[in-house]
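J.: Could you work out the structure for the sequence below:
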Amino acid sequence: MFAYQFQNSSYVFLLQASGARPYTGKVGKDDVDGLDMAYRVVADHARTLTIAFSDGGRPDNVGRGYVLKRILRRGVRYITEKLGASPGKFATLIPVVVQVLGDAFPEVRKDPQMVMDIINDEEAQFLKTLNRGRKVLERTINKLGDSTKVFPGKAAWLLYDTYGFPPDLTELMVEEKGMSVDQKEYNTEKKAAQLKSQGKGSGVDDTIGLDVYAIDELKEKRKVPPTNDLLKYNYTRDNGFYNFESTVGTVIAIRKDKQFVEKVDNGDECGVLLDQTCFYAEQGGQIYDEGFMEKEGNVNVEFRVTNVQVKGGYVLHVGKVSAVDGDGIKVGDKFKLMIDEIRRRPVMSNHTATHVLNFALRKVLGEADQRGSLVAPDRLRFDFSAKGAMTTAQIKEAEQIANEIIKKRETVYDKNVPLALAKAIQGLRAVFDEVYPDPVRVLSIGIPVETLVEDPDNPAGTLTSVEFCGGTHVKNAGDIGQFVISTEEAIAKGIRRIVAVTGEEGEKAVKRAAGLDSQIDKLGITIKENEKTGAYTKKELTKLIVDIGNDLNIATISQWSKDEMRQKLADLKKILDDLDKARKAALIQKGKDEAKKLVEDSKDKPYLVVQLDVEANNKALDGALKEYQKGAKETPAMFVSVDKENSKILCLAQVPKSTISKGLKANEWVKHVSDVIGGKGGGKDGSAQAVGDKIEAIDQVLKMATEFANLKLKN
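T.: Okay, the predicted model is just below:
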């Protein structure tokens, strides 16, 4: 039955579009090529991840998050390797999951785009890891030969430690080759690496980094010239796509254990100095490049670059050696350098966007001097001086100005200019107290730098972004893509901080904001319709407002749209509160009206026990009882009301002095029923009340109260 249902499901039709053979429903040995199992694995993992991510789960490196990461990676591997689907196909299953499971699990309909974004982001990172790590794994297996049945644990650990290649995936892939991983050696290497990393910060290890003594040794003793890093600017643009030139660098020094060494071996962490590089070293707020260096003449020797720093003009590439054949790295070796282009490209967009933001803030605020910045692949951060917080309108205007500049798709010009000439350019922006080189690199959007230098008094420079900058940038401002200011906040007195996203992240933010805004609008319609239908209680509607508010708080969207949506939610909450006030006022009036009728209906009765439909509202029930006493002063009464929504039952009793003397007391009357309603009661002889939560006992309460009054007054 399951095979038939799966064979006719939407999953299969979507997956078969990948080009794999049709699903046949075979299992076990009958599934010779394993494709039927791949179909089922991918569909099952898509369902699991959709529900888990919709419920708040996230991929992580520890605990439950790591389980989700492994499930996601297994699904990616099956859909790309077994079914031959292109990257991004896995996430396209999510709308199908929502369609199939949405009725049973409404939570999955909440934000399917968020689930797709998580899967796409993790998939892109994993495929990069998978492709690089697989090559090293295959080289290692080939070198070991067919006769070897045990895969070295050290090699398995280095695959994970150097490339982030999951150990469970290594184990699975070597099993396919008839081998097993030496787990004992793997665990030994893992513990050794953990002990070595204890106490290290997130920066460069001081046993590898260049201190003043190392720089002095390079300059004075070894006469090593500064690194030529101008190659970091060697990239071209073709219809919006960027081509990054690789280069070949020669190893001129190796730094390890606070000294320069001639050679390092497989698995060693070290710093490598080259005569020239295309890697960008962290400076000017821009984060460092990552990537690989591959030895010329021996592709089995790689150096995984995880950090790049520059001191004294020397660019240090920090990372780990991966040498399948044990050859290692020595001074004089030549390496082909390959930056991580997927990482560099958004950094370039974010850096140019930082300049655009700087210009936009000047337009909106008049004065906003830069006080710091961070340019990373996933975001940009900009600190600036300000007298106070930006208003929602100002944030919106700054974002609009930035996007208008981007949409003009103007060329981004750069040129090295003598410092004195560059400083004369009208409208030029520079960081306060920063020391700039001479000549200095000038970056201009839309106007050639030569034009600005030739006529420095021309006000054209005030109409666009012109700055000193040595970072890497896009060639055209339009390549930045969607620009979104996600937060604006204070970090110190007189200093504000803006965080923004661009490109794909910006587009995701816009879509996410539109989705949340749509939810709020739909909720507004529901609240309006509820005035007539009464389908929802105030508690249920309030919870919906709170839930959207919580989603809004953690969402990466425009700050101004978040502010506006918070106001819309506040307006909806006020509508609910106003309706609730009106409803409670109506209940009070309803109680009084019913009490007036009861005065007429209970004439000549020795007492009155009655249930009023005022939702156990204290004011309404108390008002009704007082209204009743106005017309029936000598008649003892107990009014009871039930609030089903909040599971509350309320009893109020009033007994005149003339009846108290006969033995009926209000406090004893309510106490008689308090245990039945699951609460407590008390008061005075003439007036008392009891509150409980056993609303199902209402009939018993009315009966017991009547019997108690009969008994007391009969005596």
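J.: mind listing the strands for the stretch 501-650 of the chain?
T.: Assigned by DSSP state E, counting those that start in this stretch, the stretch 501-650 of the chain shows strands spanning 608-611, 637-643, 648-654.
J.: just how off-centre is the first one within its chain?
T.: Read that as strand 608-611. 57 Å (Cα atoms, centre = their mean, to the nearest Å).
J.: Dump the strands of the stretch 501-650 of the chain into CSV; add mean pLDDT, mean neighbour count and distance to residue 690 as well.
T.: For every residue, glycine as well, the C-beta is placed using N, CA and C. Formatted as CSV, these follow (pLDDT from 0 to 100; neighbours: other Cβ atoms under 10 Å; distance: least, Cβ to Cβ, whole Å):
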stretch, mean pLDDT, mean neighbour count, distance to residue 690
strand 608-611, 93, 20, 13
strand 637-643, 94, 23, 9
strand 648-654, 94, 26, 4
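J.: Export those strands as JSON lines, with columns for distance to residue 421.
T.: What follows is these, written out as JSON lines (distance: least, Cβ to Cβ, whole Å):
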{"stretch": "strand 608-611", "distance to residue 421": "91"}
{"stretch": "strand 637-643", "distance to residue 421": "79"}
{"stretch": "strand 648-654", "distance to residue 421": "80"}
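J.: Nearest to residue 539, out of those strands?
T.: strand 637-643 (10.6 Å; Cβ to Cβ).
J.: from the middle of its chain, how far away would the closest one be?
T.: Counting by Cα atoms, centre = their mean, strand 637-643 comes out at 50 Å from the chain centroid.
J.: quick one: contacts of it?
T.: Strand 637-643 is contacted by residues 607-617, 620-621, 624-625, 628-629, 648-654, 669-670, 695, 698, 701-702, 705, 709 when judged by Cβ atoms under 8 Å, 6 or more residues apart in numbering.
J.: can you do 7 Å?
T.: Residues external to strand 637-643 that are found in contact with it (Cβ atoms under 7 Å, 6 or more residues apart in numbering): 607-612, 614-616, 621, 624-625, 628, 649-654, 669, 695, 698, 701-702, 705.
J.: so how many other residues sit close to residue 299?
T.: A count of nearby residues for residue 299, using other Cβ atoms under 10 Å, gives 13.
J.: Next one, pLDDT for the closest residue to it other than its chain neighbours please.
T.: Sequence neighbours aside, residue 139 is the residue nearest to residue 299 in space, at 7.8 Å (criterion: Cβ to Cβ, 6 or more residues apart in numbering). For residue 139, the pLDDT comes out at 83.
J.: And what about residue 57, helix, strand or coil?
T.: coil (DSSP: H, G, I helix; E, B strand; the rest coil).
J.: Which among the strands of the stretch 501-650 of the chain is found nearest to residue 214?
T.: The closest of these to residue 214 is strand 648-654. By Cβ to Cβ, the value is 74.8 Å.
J.: Report the buried residues of the helix or strand immediately after that closest one in the chain.
T.: Once the chain leaves strand 648-654, the next helix or strand it forms, by DSSP states H and E, is helix 657-660. Residues of helix 657-660 classed as buried: residue 659 (neighbour count, 16 or more other Cβ atoms under 10 Å).
J.: and the helix or strand following helix 657-660, which residues are buried?
T.: Using DSSP H and E, the helix or strand that follows helix 657-660 in sequence is helix 666-674. Residues of helix 666-674 classed as buried: 666, 667, 668, 669, 670, 671, 672, 673, 674 (neighbour count, 16+ other Cβ under 10 Å).
J.: just for the stretch 601-715 of the chain, where's the confidence low?
T.: 715 (pLDDT under 70).
J.: mind redoing it with 90?
T.: 601-605, 615-616, 631, 633-634, 644-646, 658, 661-663, 679-682, 712-715 (pLDDT under 90).
J.: go on, the stretch 1-150 of the chain?
T.: Along the stretch 1-150 of the chain, the parts satisfying pLDDT under 90 run over 1-43, 54-67, 69-70, 73-90, 92-114, 117-118, 120-150.
J.: ok, 80 please
T.: 1-22, 61-62, 125, 128-132, 146 (pLDDT under 80).
J.: in the stretch 501-650 of the chain, which spans are helices?
T.: Along the stretch 501-650 of the chain, counting by DSSP state H, counting those that start in this stretch, helices occupy 503-533, 538-554, 559-601, 618-631.
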